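In: Got a sequence here, can you build the structure:
(2 chains)
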There are 2 protein chains.
Amino acid sequence: MLPKNRVLTPGPTALLPEAQIAQAEAAMHHRTDAFIELFQTVRKGLQQLFKTERPVLTFASSGSGGLEACVANLIQEGDKVICVNAGKFGERWMKMNQAFGANVIEVKVEHGRGVPLAAVAAQLGMHPDVRAVFVQGSESSTGAVHPVQQIAQLVKPMSNCLMCVDAITWIGAHEVRTDEWNLDLVVCGSQKAMAMPPGLAFVSVSEKAEKMLGERKGNRRFYFDFARELKNQAKDQTAFTPAISLIAAAAASLKWILDAGVDSLTRNAFELASMSRAAVQAMGLELLSDSPSESVTAVRVPGGMDSGAVIKGLKNQFGAIIANGQDDLKGKIFRLAHLGYYDYIDTMGLIAALEVVLAEAGLKFESGAGLKAAQAEYMKLKA
Amino acid sequence: MLPKNRVLTPGPTALLPEAQIAQAEAAMHHRTDAFIELFQTVRKGLQQLFKTERPVLTFASSGSGGLEACVANLIQEGDKVICVNAGKFGERWMKMNQAFGANVIEVKVEHGRGVPLAAVAAQLGMHPDVRAVFVQGSESSTGAVHPVQQIAQLVKPMSNCLMCVDAITWIGAHEVRTDEWNLDLVVCGSQKAMAMPPGLAFVSVSEKAEKMLGERKGNRRFYFDFARELKNQAKDQTAFTPAISLIAAAAASLKWILDAGVDSLTRNAFELASMSRAAVQAMGLELLSDSPSESVTAVRVPGGMDSGAVIKGLKNQFGAIIANGQDDLKGKIFRLAHLGYYDYIDTMGLIAALEVVLAEAGLKFESGAGLKAAQAEYMKLKA
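Out: Numbers count the residues shown, from 1 in each chain, chains lettered A, B, ... in the order given. Below is the predicted model:
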């Protein structure tokens, strides 16, 4: 059979065709009314996606650039910060804060677990002078979610402490209420729930964060400057040349999301994740996480099996690219994506392909068991 | 008549259709052989464009991100640097260096002039301890070029001083020989001679610059880290998620440039610039620069005339977007672009449109004088 090439990873995710085409079409200068109109649509759309009335800044960078912007603007040498480290991206918050000279208090969490609220509460109790808590909404390296809303409740009364959330694989797959939940900095990348190519980072900045901006002049920075961008983007412009074609793609993506409704997008991820979890468990496999994300499902392969072989089989036989584990988890898990532009047919098709590949890799299970379980889950959720 | 919308600015420049379409087509994950192959082509192509055998790093950012990377990696608080300031972009080098705590020695140049070599030599003589010289190849705000090759000759024997060139509107319009001329850091953006959308910055890093990297740990940075990217990009990967669709556009753009030849691209800009200079002078207008760039021609409008009216006329009557002056020069000049994907027909068409608009704005000249002069210049250059 002729395989069709499909990206089925938790980022970059499958591309929305309208967003692909919007890039090709975008041929404008950025200091024009046409760009101002486009960027205004994007800014308003992002506010709806983030559920905030505060500005959501756009940077020409990968998501990590957005993370760096949070640290570079608000943390300086010697500042005490709490970082939840439950995987590769928690580690990135730590490394970034360390690179900027922060005194990092690590809340280390076993891979696959969500952070216990009490662990964060204990550190906040011991260190009332922390300037920020850094956490992932969804730690995509392990497929686990953290209790962000509850942590934010603890941070809210601390007038000099900010709640900073890497929402890169969280927003669009889980409910996120930036304003209502008092999330001060929320970072998103373009290549996840928005189903468009990488190259843009989005960061919402709360009133509390904006007030605290002026306090940290110690860090040297120019490109990722919140104050300058808040001023420019309020006028639907960016300080430096924007990535015009990607902003056009973002407009197309946001149109798709808002036409469907943000809550429908998160519901979609939840349903696909539920189907996928049911399927792999029916095949006798285990989830890595006991606090599973709706954006990505990390599945353990049995001892002695290399998840790389499963991933290779999917690629060679079916043209489907799924994600391996990263660092220590490489070879031990594979990850199925649900956030963004995926549907029932994609998911059932992938499960059907997984059944073939897993059986060939020696896993014993009743053929069709995964499909049957996923379908049953679908019918249950639909009812 | 129905106007056709055209971007005729010195950046973003007119888009190469192959680069536009490549973005729409690019649908791959970046940790795959397909991406490695694509990125290898881009890396090799950039080396040919820069005329270097050293690595040319790619960042997901606007060109200013590439400029910041140079400062953030090599300059720290208290370092003495020389900045040539001949316009808006010279000013940007200064502001960036100041943001990073450098002790900036400004070589101020009147708008429109190229920096006299002696002015830089004098500062280098007085300050043998400067760590870097920052200059534009082409200062696009005024359409002037600086004697970069000669300045680099002065910097070469200084073992602790780097030659840093903003080549954003220089490369592809002027000959640039990165290795032969001992240019240590050369920065380019995607939306100029490469005729593709903004969103990528490119920076070549000389052996001397790489050796000096380890000496400056004072600056806090994570995203724009040369050492990390040199390591990753040597393996055709990037540390953070790359802007995949823009990298696909870069591959298409570089294919076009290398098929034509880098020297043909610069010759093309030179010929279009020569035609444009002849045309505006034949209409009785003056050039702003006595050291004119081949990438952009800045033209003064007579006292009492607002260049904004000329620009507006071109847009409303002919759909053509050209650039105004920036900051102090706004209203006093207009700028015609030659770098990238522009040809004889574009240029003659624009001159023909300019004649109509300038006559309507009250400029007295013989109708067709600009066209005739441009055509004569073309015939002369062709001979």
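In: where does the residue most central in space within chain A fall, helix, sheet strand or coil?
Out: Residue closest to the mean C-alpha point of chain A, counted by Cα atoms, centre = their mean, is residue A:169 at 1.5 Å. Three-state call for residue A:169 (DSSP: H, G, I helix; E, B strand; the rest coil): coil.
In: right, and it touches residue A:11 too?
Out: Yes: contact between residue A:169 and residue A:11 holds when scored by Cβ atoms under 8 Å: they sit 6.3 Å apart. Using the backbone N, CA and C atoms, a C-beta is placed for each residue, glycine as well.
In: just the strands in the stretch 251-383 of chain A please.
Out: A:286-287, A:296-300, A:320-321, A:323-324, A:333-337 (DSSP state E, counting those that start in this stretch).
In: Show me the one of these that comes nearest residue B:292.
Out: Of all those, strand A:320-321 sits nearest to residue B:292, with 50.1 Å by Cβ to Cβ.
In: So for that closest one, mean pLDDT?
Out: For strand A:320-321, mean pLDDT is 94.
In: what's that strand in contact with?
Out: Identification of contacts with strand A:320-321 by Cβ atoms under 8 Å, 6 or more residues apart in numbering or on different chains yields A:3, A:5, A:6, A:7, A:8, A:9, A:314, A:315, A:350, A:353, B:29, B:32.
In: Considering these, which is situated nearest to residue A:21?
Out: residue A:7 (16.9 Å).
In: Tell me which residues touch the closest one, please.
Out: Taking Cβ under 8 Å, 6+ apart, one finds A:13, A:14, A:15, A:321, B:27, B:28, B:29 in contact with residue A:7.
In: Does the third one touch residue B:29 like I think?
Out: When you say that, I think you mean residue A:15. No: between residue A:15 and residue B:29 there is no contact under Cβ under 8 Å: 11.1 Å.
In: Could you check which of these two has the larger neighbour count?
Out: residue A:15 (26 against 19; other Cβ atoms under 10 Å in any protein chain shown).
In: wait, what's in contact with the more buried one?
Out: Residue A:15 touches A:7, A:195, A:196, A:197, A:341, B:27, counting by Cβ under 8 Å, 6+ apart.
In: Return the set of residues that bridge with the first one.
Out: Assessed by DSSP bridges, residue A:7 has beta-bridge partners residue A:321.
In: which residue sits closest to the residue of the stretch 201-350 of chain A found nearest chain B in space, ignoring its chain neighbours?
Out: Residue nearest to chain B within the stretch 201-350 of chain A: residue A:243 (3.2 Å; Cβ to the nearest Cβ). Closest residue to residue A:243 apart from its sequence neighbours, by Cβ to Cβ, 6 or more residues apart in numbering or on different chains: residue B:199 at 3.2 Å.
In: what about stretch A:171-187, start to end distance?
Out: Criterion Cα to Cα, to the nearest Å; first-to-last residue distance in stretch A:171-187 is 9 Å.
In: any idea how far that stretch is from the chain center?
Out: 11 Å (Cα atoms, centre = their mean, to the nearest Å).
In: ok, back up a step: hmm, the residue nearest to residue A:243 is touching residue A:247, no?
Out: No: with contact defined as Cβ under 8 Å, residue B:199 does not reach residue A:247; the gap is 9.2 Å.
In: For whichever residue of the stretch 51-200 of chain A sits closest to chain B, which residues are in contact?
Out: Nearest residue of the stretch 51-200 of chain A to chain B: residue A:199, at 3.1 Å (Cβ to the nearest Cβ). Residue A:199 is in contact with A:60-62, A:190-191, A:243, A:246, B:60, B:199, B:243-246, counting by Cβ under 8 Å, 6+ apart.
In: Tabulate these in TSV, adding columns for secondary structure, distance to residue B:143 and pLDDT.
Out: Shown next, in TSV, are the contacts of residue A:199 (DSSP: H, G, I helix; E, B strand; the rest coil; distance: Cβ to Cβ, whole Å; pLDDT from 0 to 100):
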residue	secondary structure	distance to residue B:143	pLDDT
A:60	strand	25	98
A:61	coil	30	98
A:62	coil	34	97
A:190	coil	35	98
A:191	coil	38	97
A:243	coil	26	98
A:246	helix	29	98
B:60	strand	29	98
B:199	coil	25	98
B:243	coil	30	98
B:244	helix	34	98
B:245	helix	32	98
B:246	helix	27	98
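In: between the residues you listed, which is nearest residue A:173?
Out: residue A:191 (13.5 Å).
In: Surely the closest one and residue A:11 touch.
Out: Yes: taking contacts as Cβ under 8 Å, residue A:191 lies within contact range of residue A:11: 5.1 Å.
In: Comparing these two, which residue is more hemmed in?
Out: residue A:191 (29 against 24).
In: Name all residues that make contact with that one.
Out: Residues near residue A:191 by Cβ under 8 Å, 6+ apart: A:11, A:12, A:13, A:63, A:197, A:198, A:199, B:241, B:244.
In: Excluding chain neighbours, what is closest to the third one?
Out: Excluding its sequence neighbours, the residue lying closest to residue A:13 (Cβ to Cβ, 6+ apart) is residue A:340, at 3.7 Å.
In: hang on, isn't the one you found packed against residue A:194?
Out: Yes: with contacts counted by Cβ under 8 Å, residue A:340 reaches residue A:194, the gap being 7.0 Å.
In: joint contacts of these two?
Out: A:16, A:172.
In: Kindly report the residues of the stretch 51-200 of chain A close to chain B.
Out: Contact residues, the stretch 51-200 of chain A versus chain B (Cβ under 8 Å from any Cβ of the partner chain): A:59-65, A:68, A:71-72, A:76-77, A:95-96, A:99-101, A:189, A:191, A:197-199.
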